[in-house]
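**Q** I'd like to go over a predicted model; first the sequence, then the structure.
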Amino acid sequence: DAGVIQSPRHEVTEMGQEVTLRCKPISGHNSLFWYRQTMMRGLELLIYFNNNVPIDDSGMPEDRFSAKMPNASFSTLKIQPSEPRDSAVYFCASTLTSGGVNEQFFGPGTRLTVL
Amino acid sequence: AQSVAQPEDQVNVAEGNPLTVKCTYSVSGNPYLFWYVQYPNRGLQFLLKYITGDNLVKGSYGFEAEFNKSQTSFHLKKPSALVSDSALYFCAVRDTTGANNLFFGTGTRLTVIP
């Protein structure tokens, strides 16, 4: 298994531009999570999906952020318009939500720099 | 509400010595606890988890963690540290309401000195 795949690995953009981050979860996993990591705030959960349905988006900073999961194998996190304070590493993670307690598997992250 | 605390931002230990990275938790109900490690420029990697049963949980790379309900702690340990263990370590607790999201601590940077 290739693990959780994220693209791009690095993104540099200018303030005001639209940014789209992509994630492919591990095949067979039915829960997907988007996190943001910064030095100041640590690791923050932005949103998570169960069976492609958004369950909790209370961590999404503001309306400039949106996330979709059109099918079980793909999710996007979009920032429009981007701002310098959005600069961070964004992680996607997936897991199998079943009767057990399973760990999350993280992707390598996308390092976003907004100039 | 669920939360974890990692009281030490930085832990330094000499190679070959035992290491401990501390974590305390707060949950209503039975906790599900996790440890993850993050190497530079990488995503988080799962080390071990406690669900129920034996209080001593063994995980990857020789790490283990001890669940202590009376002290609400889940400290990560290793008998003999390696330089390659130097990384950022995160403790996490799972939401006990039935949801599957994790609440992470702020992380502890472990440096193993040769």
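**A** Received the coordinates, thanks.
**Q** Where does the residue located most distally from the centre of chain A fall, secondary structure wise?
**A** Residue distances from the centre of chain A (CA atoms, centre = their mean) peak at A:Gly99, which lies 24.5 Å from the mean C-alpha position. Assigned by DSSP states H and E, A:Gly99 belongs to no helix or strand.
**Q** Dihedrals phi and psi, it?
**A** phi -70, psi -20 (degrees, to the nearest 10).
**Q** gap between it and A:Gly107?
**A** For A:Gly99, the distance to A:Gly107 (CB to CB, to the nearest Å) stands at 25 Å. C-betas here are computed from N, CA, C, even on glycine.
**Q** follow-up on the earlier one: just the pLDDT at the residue farthest from the centre of chain A, thanks.
**A** The model reports A:Gly99 with a pLDDT of 75.
**Q** which residue does chain A bring closest to chain B?
**A** For chain A and chain B, the shortest gap (CB to the nearest CB) falls at A:Phe106, measuring 3.6 Å.
**Q** for that residue, what are its contacts?
**A** Neighbour list for A:Phe106: A:Val4, A:Tyr35, A:Phe91, A:Cys92, A:Ala93, B:Tyr36, B:Gly43, B:Leu44, B:Gln45 [criterion: CB atoms under 8 Å, 6 or more residues apart in numbering or on different chains].
**Q** The nearest residue to it once chain neighbours are set aside - how many residues pack around it?
**A** Excluding its sequence neighbours, the residue lying closest to A:Phe106 (CB to CB, 6 or more residues apart in numbering or on different chains) is B:Gly43, at 3.6 Å. Number of residues near B:Gly43 (other CB atoms under 10 Å in any protein chain shown) recorded here: 21.
**Q** Serialize the contacts of A:Phe106 to CSV and add fields for secondary structure and pLDDT.
**A** Formatted as CSV, the contacts of A:Phe106 follow (DSSP: H, G, I helix; E, B strand; the rest coil; pLDDT from 0 to 100):
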residue, secondary structure, pLDDT
A:Val4, coil, 97
A:Tyr35, strand, 96
A:Phe91, strand, 97
A:Cys92, strand, 97
A:Ala93, strand, 96
B:Tyr36, strand, 97
B:Gly43, coil, 91
B:Leu44, strand, 95
B:Gln45, strand, 96
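**Q** Can you tell me which of those comes closest to B:Thr108?
**A** Top of the list for closeness to B:Thr108, among the contacts of A:Phe106 and by CB to CB, is B:Tyr36 at 11.3 Å.
**Q** The closest one pairs with what?
**A** Note on B:Tyr36: beta-bridge partners by DSSP bridges are B:Phe46, B:Phe90.
**Q** Just give me the neighbour total for residue 93.
**A** I'll assume chain A. 28.
**Q** ah, I was thinking of chain B
**A** By other CB under 10 Å, the residues close to B:Val93 number 22.
**Q** can you tell me how far it sits from A:Asn51?
**A** Distance, B:Val93 to A:Asn51, using CB to CB: 23 Å.
**Q** A:Ile5 too?
**A** Plainly put, A:Ile5 is 20 Å away from A:Asn51 if you go by CB to CB.
**Q** ok, now which ones touch A:Thr76?
**A** With CB under 8 Å, 6+ apart, A:Thr76 has these contacts: A:Thr20, A:Leu21, A:Arg22, A:Cys23, A:Ala67, A:Lys68, A:Met69.
**Q** For the fifth one, give me the pLDDT.
**A** It refers to A:Ala67. Predicted confidence (pLDDT) for A:Ala67: 97.
**Q** That one is in what secondary structure piece?
**A** For A:Ala67, the host element (DSSP H and E) is strand A:65-71.
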